[in-house]
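> Requesting a structural model of the entry that follows:
(3 chains)
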Amino acid sequence: MADHHPTGIKRWLFTTNHKDIGSMYLWFSFIMFFIGGAMAMVIRAELYQPGLQFVEPNFFNQMTTMHGLIMVFGAVMPSMVGLANWLIPMQIGAPDMALPRMNNWSFWILPFAFTLLLSSLFMEGGAPNFGWTFYAPLSTTYGPPSTDFFILGVHMMGISSIMGAINVIVTVFNMRAPGMTLMKMPLFVWTWVITAFLLIMVMPVLAGAVTMMLTDRHFGTSFFDAAGGGDPVMFQHIFWFFGHPEVYIMILPAFGVASEIIPAFARKKLFGYASMVYATASIALLSFIVWAHHMFTVGMPLAGELFFMIATMLIAVPTGVKVFNWVATMWKGSMTFETPMLFAIAFVILFTIGGFSGVMLAMAPVDFQYHDTYFVVAHFHYVLFPGAIFGTTAAVYYWLPKWTGKMYNEKMGKIHFWWSMIAVNLTFFPMHFSGLAGMPRRIPDYNMMFADFNQLASIGAFALGLSQLFFLFIVIKTIRSGKKSEDKPWDGATGLEWDKLPCPAPYHTFDTPPKVD
Amino acid sequence: MAIRRKLFAGLAVVLSGMLSFAVQASADLNMRPGVTETSVEAYDLHMAVIWVMTIIAVVVFGLMFYSIFAHRKSKNPTPATFSHSTTVEIIWTAIPIIILIGLSIPAVKLLVKMESWDKVEPDLEIQVTGHQWKWEYKYLDHDISFFSNLKTPREQIDNLEGKVGETKGENYLLEVDNELVLPANKNVIFHLTSKDVIHSWWVPEIAVKKDAIPGFINSTWTNVPKEGTYRGQCTELCGKDHGFMPVVVKVVSESEFAAYIEKKKAEKVAAEKAAAEAAARSWDMEQLMTLGKETYEAKCAACHMVNGEGMPPTFPALKGSKVATGPVEGHIDIVVNGKAGTAMAAYGAQLSDAEIAAIITYERNAWGNETGDKVQPADIQAFKAGN
Amino acid sequence: MSEQVTNDNNKKLVLRLLGVVGGMFLFGFALVPLYDVFCEVTGINGKTRGKAIYQQSMVNTEREVSITFIANISNGMPWEFKPLTRTMKVHPGELNEVRFYAKNPSRKDIIGQSVPSVSPGEAALYLNKTECFCFDQQTLLAGQEVEMPMKFYIDSEIPENINHLTLSYQLFNVTDAVEAAAGAAK
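Residues are numbered from 1 along each chain as shown, chains lettered A, B, ... in the order given. Below is the predicted model:
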């Protein structure tokens, strides 16, 4: 009777089970991923050719804004929380998350937050159109009326993320099975704990920033309004104090996923476990002192620019350590290349390319030429799509048998991989070139000299969008009619969830803590 | 297996091909070296970093692909068991640090040079003011100022068949009615600010990109040795027409520049005279409507739209609006003085009295706003004089 | 480990973490004054400081610093506003005066607030104003015109490398805000 659970809608509304909540997070982020992706398709369709074809500039700005917000807050972050919910209790030998009811709330806030945000598309004056970075005064004095809904939405997402993060920290600190010391935890758990700390440090700052926006808009304060003695540049400082750690919030759990999958398919222990943990922690710490590298052109004094340039370049060191460790893990292993491994390898390579352009962007005197061009767009999409999203995709393929008890179709998985791999590079690599040639970001129309690369990028984007629909198809097919999985489909996999639990994992696991040696 | 290997090898070739493609410094692929000392140095630094990154990529990815090839299960059935090596880990922490130090030295030097406008002896000072969605240039030494608007015809942007839209010009979206004219080989200081939201003034070929921030002044400098026309764009999202406010700088010889300034001064005097004459005479409805339509579409339609429907609530409709159908005085007031806290600028100083009168007349009689009101330039003059 | 102990431990940790969250929320707001203090110390954003008192000190006649004056009007402000001196060279330590001209050509009384900004930002630390129209809001009646004085001196400590600086004023129409505040006060 251990596997008894309620059925019907009530099961999902009132569930406090980490596996159910994990699934809901993952499905929610998948839906958001397609909504945000549809907006990207609108953007790429408009940019397919010079001239205005499909949408007018104001709507284009709404699309870029909503695409960014939905992908960051609706797709990437909840997908990572979904993975955390599913995996952390199983990986540390806990029966559930420490705060199961809060877990339910933190999920159920999200659909409301995003309904609110998406509803702004249908309001008079349209959705927020000031970019996902919502710089003042464009978002305050000049923002559309729907800005207030945006502010409320951000508050709700923030509360949800903070609750999720608190839950992860408490679970990991208090619920580990006897013998599961901190330095024995799987790296995915480590990266998530560090991410959770980043979340509780910076999400409140974001909440503060949008609250200041709200009072500036309606209650006569002038935090960001020069007329009343405020400073619009200060908005950028506060925003990026949140924004830069946010970048690592999105990528660190993917580091953890890669650090689980690569050893499993190399059939060899992760190289340099301890240095992986320290590198992750130093990336997180450094992320708090580099924020102004997003603002090299606002007219900071030289000393400030020098500081932020050097601090930012330093991040390359721990990041490099991680990449070298992954390569060393593969070295002299006995590798096979099933779909999760392919995505993990692509993750390492393409994320590293994003890292290279990151070092270039860190160098202030050349950043003056890159700043706010498509070069930046290429850079952050390289770390987010083949970074965070390939990381999640790898995780889905890797743990799908554990979650559903069914095996995906390997051939289809490989097709999905190569399709995504080619499409993602076709979409984002040309953006480096259009950026270097001088194309600013967030423009709906451009000069002829940028036409070829935009066309390539658009073709790539449509292919990439389709490849993700194929992914959806694979996942559904696996759940409905996948072959039954063995209890341990990956012979190199390690960890409590593979060693002590069958596939699929029962609804209730580790009611009595496992023995960890 | 063989297919898979080939795919991997193919992938490696594609990726490295793309990288080296980037390095083949062709005009459309890479950053342009530009024409100033600082832009050339920025380009050199950019190329240096690209090469360093390419070498690192070749080494790291090379090892990785070798491992993928040689350490696969079919070739290496028993995995090794090592899982750390302090020596190796120290080495690969130290090497990146050394590389980064090597990169940061030239970067620091160049940054110091770019940011030292206050040490340069200025020959010419220009105030650059960002507006939604045009640039205003003011030659501080010569008391000349003007707006620089996008010149690309609407038909090209909207791809209208049968009109010029079919063929977009070479400088599509990168052409303006009034370029910023600068003398060659002179130290030019730019002081940037904004009337409304944050804009950013960028000309790639002289490597100047600085934000224009409302309420604040940012200064930077350049010295362009080579005559020519250099084009850039606004690079900070500033609202609807962010993509339609290019920056065009025309660099000319010193004597041409002097002639240009004289010409601009003469134009200013002539324009004032013409405006006074226009204001003095009485205009008939047709004249007002013709000039009004033309000026409206050039200056107002970006927000209030050609059909007068605007984009409410940010940009209110004029069709049937209270302002455009209510008392004339209120209408004149909002056009001349603007409206605080909104995007509506004060046009009193930007346009001539005749233009303002024509716009108001047009707005009060177009799109079914049939008030029949006829506003004369003299009315605007009287309004400004306060009686 | 009994369930009770775990629950207590959880509660303690949750409270601590909520403390961090609350602290960081306040920190977000604290960034505002912190930023101002930081700017005042480093001149990072080029805002000038409040009223200074001129102290007769050594005038450094060896050095000359040139100052460019800029006036700028923001959206919704119909005034004419310009410096009567475009640029001047001053010796550090000496007290100088410049005048700005303002006219309200509209038919309404308007309250204006000028916001000063200096570039390079560091120079703001060495520009001391003993009298400035920017210290207060200015009310100009319809049609009124004024010349507004600004007295300042450059600190003789100004670093050698700053030879030029720019002082700009952007004028904002604050009539509505002032009236709203006055209405709220009643």
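> Now do the domain split for chain C, please.
Using automatic domain parsing, the domain parsing of chain C gives C:1-42, C:47-185.
> will you turn those into TSV that also has mean pLDDT and mean neighbour count?
Using the backbone N, CA and C atoms, a C-beta is placed for each residue, glycine as well. Listed next are the domains of chain C as TSV, based on pLDDT from 0 to 100; neighbours: other CB atoms under 10 Å in any protein chain shown:
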stretch	mean pLDDT	mean neighbour count
domain C:1-42	82	14
domain C:47-185	84	18
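> out of these, which comes closest to residue A:383?
The minimum distance between residue A:383 and the domains of chain C falls on domain C:1-42, with 24.8 Å, by CB to CB.
> from what I can see residue A:203 touches residue A:158, true?
Yes: here residue A:203 reaches residue A:158: they are 4.6 Å apart, a contact under CB atoms under 8 Å.
> Name the residue in the two with the higher neighbour count.
residue A:203 (29 against 25; other CB atoms under 10 Å in any protein chain shown).
> tell me which residues of the helix or strand harbouring the more buried one are tucked away?
Using DSSP states H and E, residue A:203 sits within helix A:187-218. Under the neighbour-count criterion of 16 or more other CB atoms under 10 Å in any protein chain shown, helix A:187-218 has A:187-214, A:216-217 buried.
> Just the closest residue of the stretch 151-300 of chain B to chain A, please.
residue B:215 (2.4 Å; CB to the nearest CB).
> what about the helix holding residue A:203, near chain C?
Yes: using CB under 8 Å from any CB of the partner chain, helix A:187-218 reaches chain C at A:200, A:201, A:202, A:203, A:204, A:205, A:206, A:207, A:208, A:209, A:211, A:212.
> picking that back up, distance of the residue of the stretch 151-300 of chain B closest to chain A from chain C?
The spacing between residue B:215 and chain C, counted by CB to the nearest CB, to the nearest Å, is 5 Å.
> Tell me how many other residues crowd the closest residue in space to that residue that isn't next to it in sequence.
Excluding the flanking residues, the one nearest residue B:215 by CB to CB, 6 or more residues apart in numbering or on different chains is residue A:226, at 2.4 Å. Number of residues near residue A:226 (other CB under 10 Å) recorded here: 25.
> Show me which helix runs longest in the chain.
Picking chain A for this. The residue-count maximum for a helix in chain A (DSSP state H) belongs to helix A:232-266.
> was after chain C, sorry
Max-length helix for chain C by DSSP H is helix C:3-42.
> And chain A, is that one touching that?
Yes: using CB under 8 Å from any CB, helix C:3-42 reaches chain A at C:6, C:9-10, C:13-14, C:17-18, C:20-29, C:31-32, C:35, C:39, C:42.
> Out of the domains of chain C, which gets nearest to residue B:197?
domain C:47-185 (9.6 Å).
> Can you give the distance from the closest one to the centre of its chain?
10 Å (CA atoms, centre = their mean, to the nearest Å).
> quick one: the strands in the stretch 151-300 of chain B?
B:180-183, B:188-194, B:199-203, B:208-212, B:218-222, B:228-233, B:246-252 (DSSP state E, counting those that start in this stretch).
> and the angle for the second one with helix A:232-266?
In other words, strand B:188-194. Interaxial angle, strand B:188-194 versus helix A:232-266 (axes from the mean of the first three to the mean of the last three CA atoms, to 10 degrees): 90 degrees.
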